[in-house]
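A.B. asks: okay, predicted coordinates and the sequence, questions at the end:
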Protein chains: 2
Amino acid sequence: MQISIVLYEGFTALDVAGPFDVLRYLPDAQVSFVSSTPGMVRGDVAPFALEAQDLDAAPDPQVLLVPGGYGTHAQLSDERLLAWLRRVHETTLWTTSVCTGSVLLGAAGILRGHPATSHWYELPSLELFGAEPRSERIVESGRIITCAGVSAGVDMALHLCGRIAGDTLAECVQLGIEYDPDPPYDSGSLAKASDDVTELVRAVFRQSYGPSYAEVAAAGTTAG
Amino acid sequence: MQISIVLYEGFTALDVAGPFDVLRYLPDAQVSFVSSTPGMVRGDVAPFALEAQDLDAAPDPQVLLVPGGYGTHAQLSDERLLAWLRRVHETTLWTTSVCTGSVLLGAAGILRGHPATSHWYELPSLELFGAEPRSERIVESGRIITCAGVSAGVDMALHLCGRIAGDTLAECVQLGIEYDPDPPYDSGSLAKASDDVTELVRAVFRQSYGPSYAEVAAAGTTAG
């Protein structure tokens, strides 16, 4: 079972490590980090960095996972990456994303006609790629699974684990990583967070991640 | 705010990345990965590896975090690491661990007289270090915070975020990482998992992690 996790400068650590520590337990799992910029690939804040092979150095994946991160938008002009995503998607068993990774699946044309989700900050943008944005934790459509922001990758990977190897293995992995979450706050979604908290986070994202793809597109249209 | 995360061969990826993606948002956060074996430090399954500085290369931490992993026991003979943990603990604001990282805090003598927790597989072992084992998600005692296995590091880091910088920041981080967990299974603790699942996971851990510290100690006593 070849699992390829795509890295790019500005990926978010937990988007990668959460699913990694679940999917590694799949039978005969072989996880590869792949990138169009092989070598050490820096995450979206120092000193987190992981070493990746070139996109074409690892076997074509049965499971493809694209994480999100502050660096997502910069990859939209990486035609080699987008072409690679399109190509390997033709033969994957499952094509998945965490957080804003779905923007890259969308840009590759993979989400057209599919319900899909993303980090709440980018969710409305998915419509521009012909997807149907859904405000859900995990969205499965055919063999495509997208999920919400950052921490949702753990839920998604457990779901995927169950789909691939059955409920018992997924339950074993859940116990192994003691995933019995008990957040000390209740502010983990737009529906639950206060308006003040939401505005603060939007401001941080606007600065660190940039405007959402939908906002960039709208501005481009206006400018044109 | 100097945050040092200790790496050693065989750390678990999510033990590190979960807290990393929370604590990075603390005001003036400077996160360092430190190790007694600096350079690329391999996690407990390939290809996950992170680059670390030498223990003494980074400034002494205000926040110390020790992750767990299959490699925990091998560190018990690393006297330099244990002495370093003891020394920096004297001046930390918070000394923390995720998962079996608490075994290393215990071995360093830091948990003596404190209630503490660990991954469920190692929890009884904490008694051998003079700690009071507690089957809880997060245990705070003085300026020491320990937490349960792997995924509990996210809960612990959010708790710590609130203690250091207040509830609003912690709530912002929770929304930022969209931490509104919704596990697709309900098998994340000993209390919830079936006996079959528990035995399967114990068997995997026995092989991958080894017997628990308490079992090793008991065998040593018997052998002696």
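C.D. replies: Arrived safely, thanks for sending.

A.B. asks: use CA for all of it now, contacts and neighbours both
C.D. replies: Fine.

A.B. asks: residue contacts, A:Gly71?
C.D. replies: Neighbouring residues of A:Gly71 by C-alpha atoms under 8 Å, 6 or more residues apart in numbering or on different chains: A:8-11, A:44, A:209.

A.B. asks: over to A:Gly43?
C.D. replies: With the criterion set at C-alpha under 8 Å, 6+ apart, A:Gly43 makes contact with A:8-13, A:49-50, A:69.

A.B. asks: let's go with 7 Å and repeat that
C.D. replies: A:Gly43 sits next to A:9-13, A:49 when contact means C-alpha atoms under 7 Å, 6 or more residues apart in numbering or on different chains.

A.B. asks: who in chain A is up against chain B?
C.D. replies: A:13-14, A:17-18, A:21, A:31-32, A:47, A:49-50, A:149-152, A:155, A:158-159, A:168, A:171-172, A:174-185, A:187-189, A:193, A:197, A:201 (C-alpha under 7 Å from any C-alpha of the partner chain).

A.B. asks: can you do 6 Å?
C.D. replies: Residues of chain A lying close to chain B (C-alpha under 6 Å from any C-alpha of the partner chain) are A:13-14, A:17-18, A:149-151, A:155, A:159, A:171-172, A:174-175, A:177-180, A:183-184, A:187-189, A:197, A:201.

A.B. asks: how much space between the closest residue to A:His114 other than its chain neighbours and A:Gly142?
C.D. replies: Among residues not flanking A:His114 along the chain, A:Ala131 sits closest, at 5.1 Å (C-alpha to C-alpha, 6 or more residues apart in numbering or on different chains). Distance, A:Ala131 to A:Gly142, by C-alpha to C-alpha, to the nearest Å: 13 Å.

A.B. asks: next: A:Gly18.
C.D. replies: Counting by C-alpha to C-alpha, the gap from A:Gly18 to A:Gly142 is 23 Å.

A.B. asks: compare those two (neighbour count), which wins?
C.D. replies: A:Gly18 (28 against 11; other C-alpha atoms under 10 Å in any protein chain shown).

A.B. asks: distance of the residue positioned nearest the centre of chain A from chain B?
C.D. replies: Central residue of chain A (C-alpha atoms, centre = their mean): A:Val98, 2.1 Å from the mean position. With distances taken as C-alpha to the nearest C-alpha, to the nearest Å, A:Val98 is found 11 Å from chain B.

A.B. asks: chain A: helices as residue ranges?
C.D. replies: A:13-23, A:79-89, A:101-107, A:152-165, A:167-176, A:195-208, A:213-223 (DSSP state H).

A.B. asks: can I get the ones you listed in TSV with mean pLDDT and distance to A:Arg137?
C.D. replies: TSV is the format used below for those (pLDDT from 0 to 100; distance: least, C-alpha to C-alpha, whole Å):
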stretch	mean pLDDT	distance to A:Arg137
helix A:13-23	98	14
helix A:79-89	98	22
helix A:101-107	98	13
helix A:152-165	98	7
helix A:167-176	98	17
helix A:195-208	97	18
helix A:213-223	84	20
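
A.B. asks: out of these, which is closest to B:Pro124?
C.D. replies: B:Pro124 lies closest to helix A:167-176 among those, at 16.5 Å (C-alpha to C-alpha).

A.B. asks: if we can go back for a sec, can you select the buried ones among the contacts of A:Gly71 for me in PyMOL?
C.D. replies: The buried subset of the contacts of A:Gly71, as determined by 16 or more other C-alpha atoms under 10 Å in any protein chain shown, is captured in PyMOL by this line:
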select buried, chain A and resi 8+9+10+11+44+209
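
A.B. asks: from the contacts of A:Gly71, which is closest to chain B?
C.D. replies: Of all these, chain B sits closest to A:Asp44, with 9.8 Å by C-alpha to the nearest C-alpha.

A.B. asks: tell me the contacts of the nearest residue to that closest one once chain neighbours are set aside?
C.D. replies: In space, A:Asp44 comes closest to A:Gly10 once its chain neighbours are excluded; the distance is 3.8 Å by C-alpha to C-alpha, 6+ apart. Going by C-alpha atoms under 6 Å, 6 or more residues apart in numbering or on different chains, A:Gly10 touches A:43-44, A:69-71.

A.B. asks: how close does A:Gly10 get to A:Gly18?
C.D. replies: 16 Å.

A.B. asks: what's around the closest residue in space to A:Pro211 that isn't next to it in sequence, how many residues?
C.D. replies: Counting by C-alpha to C-alpha, 6+ apart, A:Pro211 lies nearest to A:Phe205, which is 7.7 Å off, once chain neighbours are set aside. A:Phe205 sits with 16 neighbouring residues when counted by other C-alpha under 10 Å.

A.B. asks: check A:Gly149 too.
C.D. replies: 33.

A.B. asks: list the contacts of it.
C.D. replies: Neighbours of A:Gly149 in contact, by C-alpha under 6 Å, 6+ apart: A:99, A:119, B:177-178.

A.B. asks: quick one: the residues you listed as a markdown table, columns for neighbour count and pLDDT too.
C.D. replies: Shown next, in a markdown table, are the contacts of A:Gly149 (neighbours: other C-alpha atoms under 10 Å in any protein chain shown; pLDDT from 0 to 100):
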| residue | neighbour count | pLDDT |
| --- | --- | --- |
| A:Cys99 | 30 | 98 |
| A:His119 | 30 | 98 |
| B:Ile177 | 24 | 98 |
| B:Glu178 | 22 | 98 |
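
A.B. asks: show me those that map onto strands.
C.D. replies: With DSSP state E as the criterion, strands contain none of the contacts of A:Gly149.

A.B. asks: closest one to A:Leu105 out of those residues, please.
C.D. replies: A:Cys99 (11.1 Å).

A.B. asks: so what's that closest one up against?
C.D. replies: A:68, A:118-119, A:148-150.

A.B. asks: with A:Gln53 instead?
C.D. replies: Contacts of A:Gln53 (C-alpha under 6 Å, 6+ apart): A:34, A:38.

A.B. asks: go with 10 Å
C.D. replies: Residues near A:Gln53 by C-alpha atoms under 10 Å, 6 or more residues apart in numbering or on different chains: A:6-7, A:32-41.

A.B. asks: what about it, distance to chain B?
C.D. replies: When A:Gln53 is compared with chain B (using C-alpha to the nearest C-alpha), they lie 10 Å apart.

A.B. asks: is that residue bridged to anything, and to what?
C.D. replies: A:Val34 (DSSP bridges).
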